[in-house]
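Undergrad: pasting the sequence and the predicted model now:
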Amino acid sequence: MRRSARRARLGDTAIAALTVVALGSGVWLLGDAGTDTPPQPAAAEGRPDPGEERLTAPALAPSPPTRIRIPAIRVNAPLMGLSLTPSGSLDVPPAREKNLAGWYESGTMPGETGTAIVAGHVDNTEGPAVFYDLGALRRGARIEVDRRDGGVAVFTVDAVEVYAARDFPDDKVYGAAHRPELRVITCGGGYSKATGYQGNVVVFAHLTGSR
């Protein structure tokens, strides 16, 4: 799944606003007619009004992330650094590694001021992968990111949304933030044999604590 390349801002770093090269194949679904597609966000989990947003913790000093945990959907996965492909889109973790996510290492580090980006596969040819249940996440859920400095950045989910590829809101997802924010992205929006996954699930979260 690809979209046309446009420009967006990740903090002070400009990248092509392609979500990623591909975050799921859906191939395994074709072999099991009884298999459901990954869960998709409910409308009630959409982004709240700014007045509803929870207290923000102070930004942390920069330190690369090493692991992401999302207890509500049983995610506990190492993080690898992601760069850009020659075409300018965000690269992805190896599809064969089902329990691996990645972060855009030329952008904001999770916990510092700005918009940090984490991406992972929804599935691979063998079945569900690290972010298969991302669409089932709810507002208020906790996301923990281990950091190389030994600390843990704790984020609270503000919204979980799904976008068709043609309508992906680049500025909303990738745009610079005045506080420490996190986006977690995978494929979603339904699946068809002809087109593959039709969009992306995006989790919006902000820093609410550390330890």
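TA: Cool, got the structure. Numbers count the residues shown, from 1 in each chain.

Undergrad: contact partners for the residue positioned nearest the centre of the chain?
TA: Here the mean C-alpha position of the chain is nearest to the C-alpha of residue 184 (CA atoms, centre = their mean), at a distance of 1.7 Å. With contacts defined as CB atoms under 8 Å, 6 or more residues apart in numbering, residue 184 is in contact with 68, 70, 118-120, 131, 134, 143, 202-203, 205. All C-beta atoms are positioned from the backbone trio N, CA, C, and that covers glycine.

Undergrad: now those residues in JSON lines, with distance to residue 36?
TA: As requested, these are exported to JSON lines (distance: CB to CB, whole Å):
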{"residue": "68", "distance to residue 36": "24"}
{"residue": "70", "distance to residue 36": "20"}
{"residue": "118", "distance to residue 36": "25"}
{"residue": "119", "distance to residue 36": "23"}
{"residue": "120", "distance to residue 36": "19"}
{"residue": "131", "distance to residue 36": "16"}
{"residue": "134", "distance to residue 36": "15"}
{"residue": "143", "distance to residue 36": "24"}
{"residue": "202", "distance to residue 36": "21"}
{"residue": "203", "distance to residue 36": "20"}
{"residue": "205", "distance to residue 36": "26"}
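
Undergrad: which one among those gets closest to residue 82?
TA: Using CB to CB, residue 119 comes nearest to residue 82 of the contacts of residue 184, at 6.7 Å.

Undergrad: surely that closest one and residue 102 touch.
TA: Yes: applying CB atoms under 8 Å, one finds residue 119 in contact with residue 102, separated by 5.7 Å.

Undergrad: what do these two both touch?
TA: 82, 92-93.

Undergrad: min pLDDT across those, which one?
TA: When the shared contacts of residue 119 and residue 102 are sorted by pLDDT, the bottom entry is residue 92 at 90.

Undergrad: state the helix or strand in which that residue lies.
TA: Using DSSP states H and E, residue 92 sits in no helix or strand.

Undergrad: doesn't residue 103 make contact with it?
TA: No: counting by CB under 8 Å, residue 92 stays clear of residue 103, with 11.5 Å between them.

Undergrad: hey, what's in contact with both of these two?
TA: Counting by CB under 8 Å, 6+ apart, the residues touching both residue 92 and residue 103 are 82, 119.

Undergrad: what's the pLDDT at residue 162?
TA: 93.

Undergrad: wait, it touches residue 200, no?
TA: Yes: using CB under 8 Å, residue 162 is in contact with residue 200, at 7.0 Å.

Undergrad: who has more neighbours, the two?
TA: residue 200 (26 against 21; other CB atoms under 10 Å).

Undergrad: write down the beta-bridge partners of the more buried one, one by one.
TA: Taking DSSP bridges as the rule, residue 200 bridges to residue 163, residue 187.

Undergrad: before I go, just wanted to say thanks for your time.
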